[in-house]
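# only geometry, no sequence info:
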């Protein structure tokens, strides 16, 4: 059984964060491990609070896992402040971790801020070079690149700029761009690949980004290359959206277990 570690924040409503990652990894029939770096108070309507773990305890959690179990892939989700980012980077370097999927979680689906504004420089400097693939959505890609993204050419320019931070490949998730299709753009080894799917008409999209990055990590853990991993992950998320669950009063969760 392949083993996938998620290092991220907790979503008590179950749709995003660590909870979404565990569901996604399990749905891929892999063994899920989790290091919680932040507790959030959130549901389908809003993020009402964030309580960060002490960096030393984050390091202790990671050390406990990696000293005992070697993951086949690692997904990095919400990392809210520069001290936590430094601790995570330190431990990943110490254990020479591979197959890292970095998902720049900055803002929740409901609009709540999940990363300190002053932490972005540390995030880029310490984590991007460790990543096999970075998976920003359009707003995150705009922040990371400094480019206002309005079309596919802007996505290409942003992907190139983000790759210059040292990551091996960049996947810009384009679900916010077009009304008729969800177009994602992968930049790897100087080449672009577009992944397009019919846009599902649903408000229940809570956890989409977390789930996609976790699914990519699962496919990489299975031995697939990044391009095939992205393709399979996008198919998985599209079906999770088709089977999204009307739970809660806001943006309900996608169905991570649609294939079980």
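Right, received. Where do you want to start? Everything quoted here is computed from the prediction, not taken from an experiment.

# what's the burial count for residue 6?
A total of 30 residues lie near residue 6 under the criterion other CB atoms under 10 Å. To be clear about C-beta, it is placed using only N, CA and C from the backbone, and glycine gets the same treatment.

# ok but it is inside a helix, no?
No - under DSSP: H, G, I helix; E, B strand; the rest coil, residue 6 falls outside any helix and is assigned strand.

# for it, give me its contacts.
Applying CB atoms under 8 Å, 6 or more residues apart in numbering, we find residue 6 in contact with 18, 21-22, 25, 32-35, 74-75, 77, 214, 217.

# what segments of the stretch 151-260 of the chain are strands?
169-172, 181-188, 191-198 (DSSP state E, counting those that start in this stretch).

# report pLDDT for residue 176.
Residue 176 carries a pLDDT value of 63.

# could you list the low-pLDDT ranges of the protein?
Residue ranges of the chain with pLDDT under 70: 108-113, 176-179.

# make CSV out of the strands of the stretch 151-260 of the chain and add distance to residue 151 and mean neighbour count.
CSV is the format used below for the strands of the stretch 151-260 of the chain (distance: least, CB to CB, whole Å; neighbours: other CB atoms under 10 Å):
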stretch, distance to residue 151, mean neighbour count
strand 169-172, 12, 28
strand 181-188, 10, 20
strand 191-198, 13, 14
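
# make TSV from those strands and add distance to residue 11 to it.
Listed next are the strands of the stretch 151-260 of the chain as TSV, based on distance: least, CB to CB, whole Å:
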stretch	distance to residue 11
strand 169-172	22
strand 181-188	22
strand 191-198	24
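
# among those, which is nearest residue 117?
Across these, residue 117 has its closest neighbour in strand 169-172 (21.3 Å, CB to CB).

# how distant is that closest one from the center of its chain?
Centroid separation for strand 169-172 versus its chain: 11 Å, with CA atoms, centre = their mean, to the nearest Å.

# which other helices and strands does that strand contact?
strand 133-134, helix 152-163, strand 181-188 (3 or more CB pairs under 8 Å, 6 or more residues apart in numbering; DSSP states H and E).

# can you list these in a markdown table and add distance to residue 257?
A markdown table is the format used below for the helices and strands packed on strand 169-172 (distance: least, CB to CB, whole Å):
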| stretch | distance to residue 257 |
| --- | --- |
| strand 133-134 | 24 |
| helix 152-163 | 31 |
| strand 181-188 | 21 |
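
# circling back to that earlier point, in strands only, show me the contacts of residue 6.
Judged by DSSP state E, the contacts of residue 6 include 32-35, 74-75 as members of strands.
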